[in-house]
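S.K.: just the structure for this:
(chains A and B)
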Amino acid sequence: MEILVASAIGAMTAGGVYLLLRLRTFPVILGLALLSYAVNVFLFSSGRLAIDMSPILSKYGEASYTDPLPQALVLTAIVISFGMTAVLVMISLGAFLESDTDSIDIDQTETDEDAAQ
Amino acid sequence: MSHWIILPVVLPAMLAPIIGFMMRHDIVLARVTSTVGAVLLLAVSLVLVSMAADGTTHIYRLGDWPAPFGIVLVLDRLSALMVLLTAVLALMVLLHAMATGWDDRGRHFHALFQFQLMGICGAFLTGDIFNLFVFFEILLIASYGLMIHSGGRERMRAGLQYVVMNLAGSTLFLFALGTLYASTGTLNIADLAAKIPDIPADEAGLVRVAAMLLMIVFAVKAALFPVQFWLPATYSNAPAPVAALFAIMTKVGAYSILRVHTVVFGPGVAGTEGMIDAWLFPAAIVTIALGAFGVLGAKRLMPLISFSVVGSMGTLLVAVAAFSPVATTAALYYMVHSTFAAACLFLIADLVVSRRKDDSLIPTAATVQNGLFAAIFFAAVIAMAGMPPLSGFLGKLLVLDALRDPGVIVWAWTAILAGSLLTIVGFARAGSALFWKSTSIEMALPEGEEVEVPNHATVAQVAPVMLTLSTLVILSVFAGPIANYLEQTSAQLFDRSGYISAVLAPVEES
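M.R.: Predicted structure coming up:
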């Protein structure tokens, strides 16, 4: 299971970084979403991987339990990245409608303007 | 347990939704409420400074859970100082935004402004590193809104770049926190500081990774080379009052490096000994050079000021990279100074640029009140470039004096002194183009058209700039007492065992 989780995190991170470097809004949004999935799984596994265990102490004997804190952290991270993605989509849309381009690189337009002048 | 400590977070957090929901159609009411909020925040921060002045580390346990299990807010001299700095800056920026009408050129300026203050104050007060992440996100999401306030093509595009940059930074932050939690099992700063020295050097690989990742995240915020490239585009395209407020945002990054990398991975920790400063120092030197060349090469006023902010962050972080109490005292003084100097430059630039066609550094006919603007700009530049008599000179002197180690003296002194010279040249060129040569150009008025009514700056518009300048004067005049306070501040920061025992102290029964 460790290999499965680790390679999933690795694959998602690699995909996310690749998409992030495309410097077009739609791939970048997808890339950041992939990166946030990767980081969520990563945070989840930072409390050690455990199967079939409750996240609280059992009062019925010696049953072992899994660390509840990473789950709380992941929940916070999910909420924040969800909100951030929504904001990013709105700002991207605004920037696209204002400037008719979905490129994230600023310097390029400045040279375009210079060429136009 | 004193409830004053939570007020800088709760007060803006309560005001922001009220302004956002109930006063969104009434700009006058929103202005009054926002100003009252900023004044109250200033009052609260003064109380906090007086509480922290005796050197005790105050703890606020949220939900009264004891420290490593619950989230704590920690008030020491450094936190109190940073909250006070935020409150003073916020009030001046707010006055400027209202006097120039910036807050009325888009929606929800005041609500976003209060949320921004909540995030900044929270980041300065929290004693939990995951909580630091949450407050970072709060201040960032508010800053996204402020950044694109009043819209426009270039601003939206610069805003998009800023958002993407910071979202990538946040992801790195989470990776760092996961690594840190996996290797230590805690995210409380004091608890981390207690546990990490016990990890032997050859088993601390993961801790080193986490320390380096955190360093990169804070470097993005503090605009340190090689992740400084977002700053000039962002600051020069943001609305000017927002750019002035953002002067404190880079300091949030510097503060986080000071707090986390001194207390948690500080000097004497076997696992990370000598690793952080080995990277931070050269990066800061390059940042100074980049800032200086940027100032020299800028063709427009706003990017010019933005690059001077990059250069000042470099100077600040050179001092931070020494990780010694003396250098930290100098860094703190320079931090307070450079915040106000940058804010002052952005505010005066706003007054000048709004009376010109654009902010390009080409001589055009002189604007009204050319002499007044020129004088204020001159004073602000003296402060930013580090010339006597203003506090920039004292700040740089303190930094130079602290960096006397044989290994660093050549690089640090050369970079800071040469950087200052280039900054002076760049600013002198800008000032002469804007204010001096413009006096020799006659306004060519087309015949038959009405003469445009000169747009005089009112007292209310000039007052915030003058207030910001006067803080710089106060910083210079009372440099002695302030430096004493900062000396105690850095002594407290480097007293790691005092911090740990104060935060992890058992809860007394009441």
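
S.K.: when you work out contacts or count neighbours from here on, use the C-alpha atoms and nothing else.
M.R.: OK.

S.K.: and the strands in the chain, which stretches?
M.R.: You didn't pick a chain, so chain A it is. Assigned strands in chain A: none (criterion: DSSP state E).

S.K.: you answered for a different chain; I wanted chain B.
M.R.: For chain B, the strands defined by DSSP E cover B:58-61, B:72-75.

S.K.: what's the longest helix in chain A?
M.R.: When chain A is parsed with DSSP state H, its longest helix is helix A:69-99.

S.K.: on that earlier part again, deepest in the core, which of the strands of chain B is it.
M.R.: Sort the strands of chain B by mean neighbour count, taking mean count of other Cα atoms under 10 Å in any protein chain shown, and strand B:72-75 sits at the top with a mean of 24.

S.K.: helices or strands next to that one in the packing?
M.R.: Strand B:72-75 is packed against strand B:58-61, helix B:109-125, with contacts defined by 3 or more Cα pairs under 8 Å, 6 or more residues apart in numbering or on different chains; DSSP states H and E.

S.K.: got the residues of chain B near chain A?
M.R.: B:137, B:141, B:152-154, B:156-161, B:163-164, B:167-168, B:171, B:174-175, B:177-179, B:181-182, B:185, B:233 (Cα under 8 Å from any Cα of the partner chain).

S.K.: swap the cut-off to 6 Å and go again
M.R.: Within reach of chain A by Cα under 6 Å from any Cα of the partner chain, chain B has these residues: B:153, B:156-157, B:161, B:178, B:182.

S.K.: neighbour-wise, which of these leads?
M.R.: Each of those was scored for neighbours by other Cα atoms under 10 Å in any protein chain shown, and B:Arg157 scores highest at 30 neighbours.

S.K.: what about the closest residue in space to it that isn't next to it in sequence, distance to A:Thr25?
M.R.: Using Cα to Cα, 6 or more residues apart in numbering or on different chains and skipping the chain neighbours, the partner closest in space to B:Arg157 is A:Ala95 (5.4 Å). Using Cα to Cα, to the nearest Å, we find A:Ala95 at a distance of 10 Å from A:Thr25.

S.K.: with B:Phe427 instead?
M.R.: 36 Å.

S.K.: and what of B:Gly431?
M.R.: 38 Å.

S.K.: ok, now B:Ala210?
M.R.: 29 Å.

S.K.: which of the two has more residues huddled nearby?
M.R.: Comparing B:Ala210 with A:Thr25 by other Cα under 10 Å, the one with more neighbours is A:Thr25, at 25 against 22.

S.K.: quick one, what contacts the more buried one?
M.R.: Residues near A:Thr25 by Cα atoms under 6 Å, 6 or more residues apart in numbering or on different chains: A:Asp102.

S.K.: pLDDT value on it, please?
M.R.: pLDDT recorded at A:Thr25 is 88.

S.K.: for B:Glu450, same thing?
M.R.: Confidence at B:Glu450, expressed as pLDDT, is 52.

S.K.: over to A:Thr109?
M.R.: Residue-level confidence at A:Thr109 comes out at 47, pLDDT.

S.K.: look up how far chain A lies from B:Leu48.
M.R.: Separation of B:Leu48 from chain A (Cα to the nearest Cα, to the nearest Å): 29 Å.

S.K.: quick check: closest non-adjacent residue to that residue.
M.R.: B:Ala80 (5.7 Å).

S.K.: so that neighbour sits right up against B:Met51, yeah?
M.R.: No: in this structure B:Ala80 lies outside contact range of B:Met51 using Cα atoms under 6 Å: 8.6 Å.

S.K.: so for chain A, the centremost residue is which one?
M.R.: Centroid check for chain A by Cα atoms, centre = their mean gives A:Ser36 as the closest residue, at 1.3 Å.

S.K.: related to what we said a few turns ago, and B:Ala80 and B:Met51? Which one has more around it.
M.R.: More crowded of B:Ala80 and B:Met51, by other Cα under 10 Å: B:Ala80, with 27 against 20.

S.K.: nearest spatial neighbour of B:Gly371, skipping sequence neighbours?
M.R.: Closest to B:Gly371 by Cα to Cα, 6+ apart is B:Phe435, at 7.7 Å.

S.K.: how much space between that neighbour and B:Gly297?
M.R.: Distance of B:Phe435 to B:Gly297, computed by Cα to Cα: 19 Å.

S.K.: quick one: residues in contact with stretch B:180-190.
M.R.: Among residues not part of stretch B:180-190, those counted as contacts by Cα under 6 Å, 6+ apart are A:46, B:68, B:127-129, B:210, B:500.

S.K.: just the ones of those residues in helices?
M.R.: Residues of those located in helices (DSSP H): B:129, B:210, B:500.

S.K.: show the contacting residues for the first one.
M.R.: This points to B:Ile129. B:Leu187.

S.K.: how does it look with 10 Å?
M.R.: B:71, B:123, B:135, B:177, B:180, B:186-190, B:192, B:256, B:260 (Cα atoms under 10 Å, 6 or more residues apart in numbering or on different chains).

S.K.: ranking by neighbours, what's the top pick from these?
M.R.: Neighbour tally across the contacts of B:Ile129 (other Cα under 10 Å): the maximum, 30 neighbours, falls on B:Ala123.

S.K.: pretty sure it sits against B:Asn131.
M.R.: Yes: the pair B:Ala123 / B:Asn131 is scored as a contact, 7.8 Å apart, by Cα atoms under 10 Å.

S.K.: shared neighbours, these two?
M.R.: B:73, B:137.

S.K.: low-confidence ranges in chain A?
M.R.: A:58, A:61, A:106-117 (pLDDT under 70).

S.K.: could you count how many residues lie near A:Arg24?
M.R.: If we define neighbours as other Cα under 10 Å, then A:Arg24 has 16 of them.

S.K.: could you measure from it over to chain B?
M.R.: Relative to chain B, A:Arg24 is positioned 10 Å away (Cα to the nearest Cα).
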